[in-house]
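Asker: I need the structure of the sequence given here:
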Amino acid sequence: MQSKSCCDRSLIRLYLDGNERAFETLLNRHKSKIYTSIFMFVKDSELANDIFQETFIKIIDTFRSGKYNEEGKFLQWALRISYNLCIDFFRKSKRRTTVASSENFDIFDFVQVVDDNQEKKIIKRQTYGKVRKLIDALPKEQREVIVLRHYAELSFKEIAELTNVSINTALGRMRYALINIRKMISEYQISLQ
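Answerer: Take a look at the predicted model:
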């Protein structure tokens, strides 16, 4: 079985050779994670769609200009582009990000649910809501590392590179995020069951 990065490279080569469907396959393979990570930062579905589209315009432009470097993994590279576009947006608007769901989009809609009965589904939805509120209450740097690690599934090395900090700093932010979440759970006597 080929790795995803190997398959991604093959799809990119096919696309560069004129196969538009190869890019469509690449897009469909990764759009959920990329869109989700964008949405978790910007908290606005229209803005997330705009940044998502801008991300893929930059990806296509990079492919067509011959500047894509195959050394890295496509998904992490695409996430870096989307992350930088989010940061650019916040620098321009000086708006602070929060992590929560909206009426139109819920990150946990992407979580696979296997035939739970209705009660379990309700409990799971309530638990996810509580977790989102806890994450939302974290300082920006801690919230960022949680989103990149658990929702975008980046390694700590990738998070460190993406956020321009050392691996130890990224690990420390995760540690403090978890400590703060535990404190909030204890302080407010929140049950996650």
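Asker: helices or strands next to the strand or helix carrying residue 119 in the packing?
Answerer: Counting by DSSP states H and E, the element that carries residue 119 is helix 118-136. Packing partners of helix 118-136 (3 or more CB pairs under 8 Å, 6 or more residues apart in numbering; DSSP states H and E): helix 140-146, helix 167-187. (Each C-beta comes from the backbone N, C-alpha and C, glycine too.)
Asker: so for residue 64, which of these sits nearest?
Answerer: helix 140-146 (31.0 Å; CB to CB).
Asker: how far off centre is stretch 145-163?
Answerer: Mean-position distance between stretch 145-163 and its chain equals 8 Å (CA atoms, centre = their mean, to the nearest Å).
Asker: what mean pLDDT does it have?
Answerer: Averaging pLDDT along stretch 145-163 yields 84.
Asker: likewise for stretch 124-132?
Answerer: Mean pLDDT, stretch 124-132: 76.
Asker: and what of stretch 58-71?
Answerer: Stretch 58-71 comes out at a mean pLDDT of 85.
Asker: in it, which residues are buried?
Answerer: The neighbour-count check on stretch 58-71 (16 or more other CB atoms under 10 Å) flags 59, 63, 68 as buried.
Asker: what angle separates the lowest-mean-pLDDT helix or strand in the chain from helix 167-187?
Answerer: Counting by mean pLDDT, DSSP states H and E, the weakest-scoring helix or strand in the chain turns out to be helix 118-136, with a mean of 76. If you take axes from the mean of the first three to the mean of the last three CA atoms, to 10 degrees, helix 118-136 sits at 120 degrees to helix 167-187.
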